[in-house]
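Student: Any chance you can model this:
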Amino acid sequence: MRVLGGDFGSQHLWFDQRVLDRYREAPGSKVIRTNTVGRVRSSEGWSLDFGIGEGEEVIHATALELSQRLPLTERTHWAQHVLTPPVSHTFLTMRLSAGACLDDGDLRDW
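Tutor: Okay, the predicted model is just below:
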């Protein structure tokens, strides 16, 4: 409900956990965790907390923290590991292209 109320800092983004490999291998950087949360601490002085999804293949963090804590030089790396859940490509096209008119089949009750 917070996101719907305008608190976009509550919006989470999901990433393949392999985004962390870069920091596991970098001298001076460290990745630590509990069972369900973790933190990456860079040798450059920044850190980012994240959640660990069931199965440990996916991690997530809020868009606000990503924008505030990730340096510009790291954002492309994280963007390369972002995961997108299954979506309606038609709906996205309708929202991203003003005036888009798409035939997506007959209307019916659901």
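Student: Pull the contacting residues for Thr62.
Tutor: Residues in contact with Thr62 (CB atoms under 8 Å, 6 or more residues apart in numbering) are Gly9, Ser10, Gln11, His12, Leu13. Using the backbone N, CA and C atoms, a C-beta is placed for each residue, glycine as well.
Student: Now do the worst-scoring helix or strand of the chain on mean pLDDT: everything it contacts.
Tutor: Between all helices and strands in the chain, the lowest mean by mean pLDDT, DSSP states H and E belongs to helix 89-96, at a mean of 79. Applying CB under 8 Å, 6+ apart, the contact partners of helix 89-96 are Ala100, Leu102, Asp104.
Student: Now do the strands in this structure.
Tutor: 12-16, 30-33, 37-41, 47-52, 58-62, 82-83 (DSSP state E).
Student: Among the ones you listed, show me which one is buried the most.
Tutor: Comparing the strands of the chain by mean neighbour count (mean count of other CB atoms under 10 Å), strand 58-62 ranks first with a mean of 18.
Student: before we move on, the earlier item: could you dump the strands of the chain to CSV with distance to Trp110?
Tutor: Formatted as CSV, the strands of the chain follow (distance: least, CB to CB, whole Å):
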stretch, distance to Trp110
strand 12-16, 27
strand 30-33, 41
strand 37-41, 37
strand 47-52, 32
strand 58-62, 29
strand 82-83, 27
